[in-house]
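Asker: Sequence first, predicted model second:
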There are 2 protein chains.
Amino acid sequence: MARPERKTVRDVRKGNRGMLLRTLYFGGPRSRHELTGLTGLSAATISTMTGDLLTEKILMEAGQVDSDGGRPRVLLRVNPVYAYLIGVDVAETHVRVELFDLEMTEKARVDYTLRPSHHDIELVARRILAGIDVVLADGQVTAAQVLGVGIGVPGIVERGASDALIHAKTFGWDGVPLGALMRAGTSLPVFIDNGAKTMGQAELWFGAGRGADHAVIVLIGSGVGATVVADGQAVRGTSNSAGEWGHTKIEMNGRPCRCGSRGCLEAYIGAEGLLARAGVPAQTTDWPSALGRVLADGGPVVDETLTYLGTGLANLINMLNPERILIGGWAGLMIGERHLDQIRVVVGENSLTQPYNATSIVLGELGPDAVAMGAATLVLEEFLDASAPLRLHVAS
Amino acid sequence: MARPERKTVRDVRKGNRGMLLRTLYFGGPRSRHELTGLTGLSAATISTMTGDLLTEKILMEAGQVDSDGGRPRVLLRVNPVYAYLIGVDVAETHVRVELFDLEMTEKARVDYTLRPSHHDIELVARRILAGIDVVLADGQVTAAQVLGVGIGVPGIVERGASDALIHAKTFGWDGVPLGALMRAGTSLPVFIDNGAKTMGQAELWFGAGRGADHAVIVLIGSGVGATVVADGQAVRGTSNSAGEWGHTKIEMNGRPCRCGSRGCLEAYIGAEGLLARAGVPAQTTDWPSALGRVLADGGPVVDETLTYLGTGLANLINMLNPERILIGGWAGLMIGERHLDQIRVVVGENSLTQPYNATSIVLGELGPDAVAMGAATLVLEEFLDASAPLRLHVAS
DNA sequence: CATGTTAGTTCAATGCGTGAACGAAACGGC
DNA sequence: GCCGTTTCGTTCACGCATTGAACTAACATG
């Protein structure tokens, strides 16, 4: 029963300011006059608030537009170089650090290859910290101009009372305090979340999920996960591990899954399980091409996969009644590009009419590269929500 | 991307007032002094606000308590007879109308038997309206003292742009505008929701779900449904039909379900499916005793049922990471009372360690009678949230 | 250059929460 | 019975928020 916080008059300002900022961020350049309509605020408030934001350089003017017969309207927009965001993608084979401006335009990036079985947490933390320095130098940005660092990691990010702990079996991480390690090396604010979640966040904000209040973004790679969005908010659960769609059971006594259980959806539609079922040799390394060949050849395994996938999606629809389902992840996109229509048919057969008709099933627009961008989005979200007399942070 | 509304200073008051009211409603009688700590508001604000609420008679004094060595504290509480709530349970065999005071104490009730296949919407609406008059008379309450009427109905309640439409196959209702029919006969505010959801609401507020921010309340009767609560709010989905847990698929090509599909969870753990699988003759009418015998006899069907139930719950845990799962519904309670431990074992085997350890699985505390109470809770919620200079409504 | 129209700003009014000063109601010690 | 102490509760000036109304700014047209 999430109890609301105490509010004071200043919170009103903070909330309205955030709303104005969001409107301008997503609603393109607008005049003050248009903003009154879009935000519901009075012209007086818009005037003073935009005044503040302009002197803070969070907003900037963006030309004029004639307004038939009267004073022309001055367009306002978010100043993309007011501040910068850093997004990090920690994956099995690499650590990528990217620098974005406020509009999510990439200004610099650096990749570090991770050798398999070299996932030592200290090493990863060092790579990230080094990467931050590199992108700042390349992008000619000082740390003081950066709002924060978002990091997308594999596995479960447990948000307990104190610091976030990361559990990633494949990395051998069991309760690793990455946040604390980062803070030891930088004074920038750090936000950490599961990589599938940050990718979902990216799709929701900048991809095919724009504007959806109720959505599920499913990620199909070698593993399978999902981001659930209800009322515009990501559902995180009590310890931030919601969304483990891949390990929901779709078949009693089904195929063994690498999680140790049986009949998990991931064992059927995850790339690893799919390729194994199609008889692709286990030592194959180029999974995408192998999957491409399997999909091109067709056959019962592909049909079966579509049935499992469609049924899994139907379960989401029945359970959560989203207005949109996005299919993403490299394997998900490959499957979806070829067979989206058939997936829709299977979903229709396995979900209730009412919620099925309310849902559209589409492909993600952003590639797998979106993990870092989504991570940076965590910082952006913080900025838009609480930008109040914004304090930029001191460099490390 | 649920955008927040414009806020003004008065919304601050409304919000804080609601918080104070909730604190007092659920936190028993408290002194003004204690309220400052519990709400975070200053003593000054508490003083003026409780003053207002006392003159409005929403609050009342509730005795004094010595405070060692100083002025004794005056306890305040919500005035239970400030206003009343009406809850309605529309079920297959009856329409029940109940009158509650603000503390959810039942003041009057009336039942109307519904003959099978006599679910004409006009008839049901007439029964409800008549029932309202009866409970008001019995409880010696005028319509002006009633905050509203909550109605729990079977099937899907579609909240579209205009009025709520109800789809209930078993009733032959397909897009029935019950709300409009009610408003034609009474001027009381009407709130309609699915009966399983209202029961979930009741458990969440007054039953075993108290205080849980992330919970799933599963209802197992002849059908199977669930209420998902995330961040203290019920997840409704885009057309208010979220929670159809019973028709998620747990087995590919499994048993046929009455929904027309196959392998639905409901076909295994719903009372109807369970009894059929146990070989109980279809013409049996006393399902509870039949289920009791099946459970007492044990055997493979029962084990199988527990496996299906546990797996279905494990899917919820993996997907939603709740802190608590409540098992309710008459069949759910019967199964849970005997086999809760075994259910927990199965759940543990089929869910990921992390989220499993974060969840407690418990039985519901409220019987099936809670549908009407939960429906009335819809009205209560409205009152606590927006009680602002509360307007009581004119009688019909 | 006067007029009309649209865009944006300024200002007094009103509402809210807060801290500080103040008032109220008990107890304990003498 | 009186006085100091402690705790509870109220009052009031202040700062900050939005707002409507009056006002200024900047254009087009004739």
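Answerer: Now that the structure is in, tell me what you want to look at.
Asker: What strand or helix carries residue A:60?
Answerer: Assessed by DSSP states H and E, residue A:60 sits inside strand A:59-67.
Asker: neighbouring contacts of that strand?
Answerer: A:24, A:29, A:31, A:50, A:53-54, A:72-79 (CB atoms under 8 Å, 6 or more residues apart in numbering or on different chains). C-beta here means a position set from N, CA and C on the backbone, and glycine is covered the same way.
Asker: Next, format those as TSV and append distance to DNA strand D.
Answerer: Putting these into TSV (distance: CB to the nearest atom of the strand, whole Å) gives the following:
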residue	distance to DNA strand D
A:24	15
A:29	17
A:31	13
A:50	11
A:53	12
A:54	15
A:72	5
A:73	10
A:74	9
A:75	13
A:76	15
A:77	19
A:78	18
A:79	21
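Asker: For the residue in the stretch 151-300 of chain A that DNA strand D sits nearest to, give its distance to residue A:204.
Answerer: For the stretch 151-300 of chain A and DNA strand D, the shortest gap (CB to the nearest atom of the strand) falls at residue A:232, measuring 21.2 Å. Distance, residue A:232 to residue A:204, by CB to CB, to the nearest Å: 9 Å.
Asker: Who has more neighbours out of these two?
Answerer: residue A:204 (24 against 15; other CB atoms under 10 Å in any protein chain shown).
Asker: okay but the more buried one is in contact with residue A:228, surely?
Answerer: No - Residue A:204 is beyond contact range of residue A:228, at 10.6 Å (criterion: CB atoms under 8 Å).
Asker: Give the intersection of the neighbour lists for those two.
Answerer: residue A:234.
Asker: Tell me which residue of chain A lies closest to DNA strand C.
Answerer: residue A:70 (2.2 Å).
Asker: Can you check the pLDDT for that residue?
Answerer: Model confidence at residue A:70, expressed as pLDDT, equals 83.
Asker: beta partners for it?
Answerer: Beta-bridge pairing for residue A:70 (DSSP bridges): residue A:67.
Asker: I'd assumed residue A:291 was in contact with residue A:222.
Answerer: No - Residue A:222 is beyond contact range of residue A:291, at 10.1 Å (criterion: CB under 8 Å).
Asker: shared neighbours, these two?
Answerer: Contacts common to residue A:222 and residue A:291, judged by CB under 8 Å, 6+ apart, are A:271, A:331.
Asker: burial of residue A:287, as a residue count?
Answerer: Applying other CB under 10 Å, I find that residue A:287 has 18 neighbouring residues.
Asker: Could you list the residues of the stretch 101-250 of chain A in contact with chain B?
Answerer: A:156, A:158, A:167, A:204-205, A:210-214, A:226, A:228, A:230-233, A:235-245, A:247-250 (CB under 8 Å from any CB of the partner chain).
Asker: Among the residues you listed, name the ones in strands.
Answerer: Counting by DSSP state E, the part of those found in strands is A:156, A:158, A:167, A:226, A:228, A:230, A:233.
Asker: And those, which is closest to residue A:9?
Answerer: residue A:233 (25.3 Å; CB to CB).
Asker: what's across from that closest one in the sheet?
Answerer: residue A:230.
Asker: That one and residue B:231, how far apart?
Answerer: 7 Å.
Asker: okay, and the common contacts of these two?
Answerer: By CB under 8 Å, 6+ apart, no residue touches both residue A:233 and residue B:231.
Asker: now the strand or helix carrying residue A:218, how far from the centre of its chain.
Answerer: Secondary-structure assignment from DSSP H and E places residue A:218 in strand A:215-220. Averaging C-alpha positions (CA atoms, centre = their mean, to the nearest Å) puts strand A:215-220 10 Å from its chain's average.
Asker: thinking again about what came up before, report whether the expected contact of the residue of the stretch 151-300 of chain A closest to DNA strand D with residue A:213 is present.
Answerer: Yes - the pair residue A:232 / residue A:213 is scored as a contact, 4.9 Å apart, by CB under 8 Å.
Asker: hmm, back to that, and the residue of the stretch 151-300 of chain A closest to DNA strand D, what's its pLDDT?
Answerer: 91.
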